[in-house]
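S.K.: missing the sequence, but the structure's below:
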């Protein structure tokens with residue numbers, strides 16, 4: 001069994017919690033209250049900056065040009081395609097630019113972002129890939145499942161969020177991440193990578209919880 005399948009199997013319960021969270025279930029069914037999606041969308045936009053930093057550091061630490069090109073292409077999707085999608089969606093949802101500019105990370109968003117940036121600076125190339133395999137793999141999982149079940153919520157923002165994460169391009173990127181991890185001879189580092197994978201899974205669940213239930217900094 002490859003290291004990625006082993007990680008998913010060993011932490012299957014956490015993975016299921018991440019891809020089957022009530023936020024996700026209600027989003028794909030079209031029953032998610034709009035204020036919850038709005039809270040999530042603003043926080044995920046702020047989180048995009050930390051993800052961009054992580055990807056940039058992965059490129060800097062890439063051991064070969066093939067890896068650098070793959071990561072650069074995905075970073076381009078994040079900083080152009082996704083960022084443009086956020087800006088357009090803010091307008092369509094009636095969220096004024098001033099509100100976007102005033103938005104600040106909630107505790108979970110801040111903690112997860114800080115964890116990934118710290119990992120990017122202090123970890124090595126494969127540490128970063130383990131984190132990306134979790135963050136991108138969980139989104140691909142729930143979105144592909146929704147598409148496979150024919151879920152087409154009436155809200156266009158919900159439909160688009162499913163579509164972009166079920167995209168074949170993301171599937172190819174996640175498959176590439178898994179292939180690099182499985183083919184790198186990392187058996188001696190399994191426990192270390194497992195800790196990263198598990199931490200990211202727990203943060204993914206907490207991120208959904210933050211959006212679904214709300215969260216505030218202590219006054």
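M.R.: Looks like it arrived, so ask away. Computed from a prediction, not measured in an experiment: that's the story for all the values here.
S.K.: and the helices in this protein?
M.R.: Remark: helices assigned in the chain by DSSP state H are 3-10, 12-19, 22-29, 34-61, 65-76, 83-92, 97-102, 107-122, 125-148, 156-165, 168-182, 190-213.
S.K.: do me a favour and average the pLDDT over the last one.
M.R.: When you say that, I think you mean helix 190-213. Helix 190-213 comes out with an average pLDDT of 97.
S.K.: list the buried residues in it.
M.R.: 193-194, 196-212 (16 or more other C-beta atoms under 10 Å). Every residue, glycine included, has its C-beta placed from N, CA and C.
S.K.: same question, the first one
M.R.: With burial defined by 16+ other C-beta under 10 Å, the residues of helix 3-10 counted as buried are 3-4, 6-8.
S.K.: tell me the angle of the lowest-mean-pLDDT helix or strand in the chain relative to helix 34-61?
M.R.: Using mean pLDDT, DSSP states H and E, helix 83-92 stands out as the lowest-scoring helix or strand of the chain, at a mean of 92. When axes from the mean of the first three to the mean of the last three C-alpha atoms, to 10 degrees is applied, the directions of helix 83-92 and helix 34-61 differ by 160 degrees.
S.K.: other residues contacting helix 83-92?
M.R.: The set of residues that contact helix 83-92 without belonging to it, under C-beta atoms under 8 Å, 6 or more residues apart in numbering, is 41, 44-45, 48, 97, 100, 156-157, 160, 164.
S.K.: contact partners for the residue lying closest to residue 203 once chain neighbours are set aside?
M.R.: Spatial nearest neighbour of residue 203, chain neighbours left out: residue 112 (4.2 Å); criterion: C-beta to C-beta, 6 or more residues apart in numbering. Residues in contact with residue 112, defined by C-beta under 8 Å, 6+ apart, are 47, 50, 203, 206-207.
S.K.: just the closest of the buried residues of helix 3-10 to residue 37, please.
M.R.: residue 8 (27.1 Å; C-beta to C-beta).
S.K.: now do residue 40, the pLDDT please.
M.R.: Reading off the confidence values, residue 40 has pLDDT 97.
S.K.: burial of it, as a residue count?
M.R.: Around residue 40 sit 21 other residues, with neighbours defined as other C-beta atoms under 10 Å.
S.K.: and what of residue 126?
M.R.: If you count neighbours by other C-beta under 10 Å, residue 126 ends up with 21.
S.K.: picking that back up, the least confident helix or strand of the chain vs helix 156-165, what angle?
M.R.: Here the directions of helix 83-92 and helix 156-165 differ by 170 degrees (the same axes, to 10 degrees).
S.K.: now helix 83-92, how far from the centre of its chain.
M.R.: Helix 83-92 has its average C-alpha position 18 Å from the chain's average C-alpha position, going by C-alpha atoms, centre = their mean, to the nearest Å.
S.K.: list the buried residues in that helix.
M.R.: Using 16+ other C-beta under 10 Å as the test for burial, helix 83-92 gives 86, 89-90.
S.K.: now swap in stretch 54-74 and tell me
M.R.: By neighbour count, with 16+ other C-beta under 10 Å as the criterion, the buried positions of stretch 54-74 are 54-55, 57-59, 61-62, 67, 70-71, 74.
S.K.: and if you look at stretch 170-184?
M.R.: Of the residues in stretch 170-184, those with enough neighbours to count as buried (16+ other C-beta under 10 Å) are 170-171, 173-174, 176-178, 180-181.
S.K.: sounds good, over and out.
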